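> Here is a sequence with its predicted model. Questions after.
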Amino acid sequence: MRLDKLLADQGFGTRSEVRKLIARGCVQINGNTCRDSSLKVKENDEVTCLGKDVEVVSGKTFYYLLLDKPDCVLTAMEDPRLPHVGELIEDRYRNRGVSPVGRLDYHTTGLLLLTNDGELSHRLTSPSYNVPKTYLVNWTGGPLTDADVRKASEGITLTDMDKPVKLKPCMIEIEKDDQARIILTEGKTHEVRRILAHFGKEVTSLRRISLASLNINEESAPGTLRELTPDEISSLKQAVRLI
C-alpha cells in the first residue's frame, strides 16, 4: 500500500495533508525518516507518524463515533494540562487514528463526531460543502428581536477582532426569550458566542445538537459514546457528495 494512502486511511488527514507531513519528515519507516509519499509499505514494516505507531493493514477499516462532549473538556486527543476528549475514547479506536471532526469550544457541549475517515472529515468541516450545524443556546441580556433574526439571516459582519469578518447567513429559531436554535454552515472561532455578543447578549450555555443529518439525543448523558449506524454513515456521506 502507498504510504500516503495508508496515513490518510488511518486518519492523519487527507491525501494532500499527509503528503505535507511526509515531506516535513514526520514519518519514519523501520526507524528511518521517509519523505517519499509514493513508497509502498508492507504489513511487516514499522511505521510511525508524528511519533504515533501506524498499523499497516490491507484495505480500509474506518470508524465513526458520536460523542456527547461534556463541559470543561478540550476537543483534542491529547493535552498535558486539561481534560480532553481523547480520555473518553477507548484505546481500540484511538490506536486506529480516530480524531475529532472540527471542534467544540471548551465550554460547548453536545454532538462531536470522531473518525479516521480523513476525506469525510475534510468535507464535513469545509465551508464549501455548507454542512448545517445546529446549536441550542441560552443567554442573558433580554430577548432577540425580529430585526436581529433578520440581520443574522442576511449575514452579519463581526468587528470584534483585528479585521472585520463577514459571516455566512445563519438561521435563528427563537424558542424562549432567552433560548434559540442557531443553524450555521461554517465554523468561525466562537461563532455562536460572537453572534450573540453582536446583539448585546452573553451566552450562558451552548450545546450542539445536530451535524448535517446526524442528531444527538438532547437528554443523553455527557460523555456518552457510540458508533454510528450504517444508515447514519451513509447519510453523512450523501450530505458531502461522497456517495
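Structure received. Numbers count the residues shown, from 1 in each chain.

> is it true that residue 25 touches residue 32?
No. Counting by Cβ atoms under 8 Å, residue 25 does not reach residue 32; the two are 10.6 Å apart. For every residue, glycine as well, the C-beta is placed using N, CA and C.

> Mind checking which of these two has more residues around it?
Using other Cβ atoms under 10 Å, the more surrounded residue of residue 25 and residue 32 is residue 25, with 10 against 7.

> The strand ranked longest in the chain pairs with which strands?
Longest strand in the chain by number of residues, with DSSP state E as the criterion: strand 202-211. Here strand 202-211 is paired, per DSSP bridges, with strand 109-115 (parallel), strand 133-140 (antiparallel), strand 214-215 (antiparallel).

> So for that strand, what gets flagged as buried?
203, 206-211 (16 or more other Cβ atoms under 10 Å).

> ditto for stretch 102-118
By neighbour count on 16+ other Cβ under 10 Å, the buried set for stretch 102-118 is 103-105, 108-118.

> Tell me how far the worst-scoring helix or strand of the chain on mean pLDDT lies from the chain's centre.
The helix or strand of the chain with the lowest confidence, counting by mean pLDDT, DSSP states H and E, is helix 91-94 at a mean of 81. In this view, helix 91-94 has its centroid 18 Å away from the chain centroid, taken as Cα atoms, centre = their mean, to the nearest Å.

> Same question for stretch 123-143.
13 Å.

> Can you measure across it, start residue to end residue?
From its first residue to its last, stretch 123-143 covers 35 Å (Cα to Cα, to the nearest Å).

> Over to stretch 216-228?
For stretch 216-228, the end-to-end distance is 11 Å (Cα to Cα).

> try stretch 102-113
8 Å.

> Which residues does that stretch contact?
With contacts defined as Cβ atoms under 8 Å, 6 or more residues apart in numbering, stretch 102-113 is touched by 64-75, 82, 85, 100-101, 124-125, 135-136, 187, 190, 193, 205-211, 214-216, 222, 236.

> for stretch 196-210, same thing?
104-105, 107-112, 132-142, 144, 148, 156, 158, 160, 178, 181, 192-193, 215-216, 218.

> The same query, at a cut-off of 6 Å, please.
For stretch 196-210, contacts defined as Cβ atoms under 6 Å, 6 or more residues apart in numbering pick out 108-111, 134-141, 148, 156, 192-193, 216, 218.

> Quick check: end-to-end length of it?
19 Å.

> again with stretch 21-34
End residues of stretch 21-34 are separated by 10 Å (Cα to Cα).
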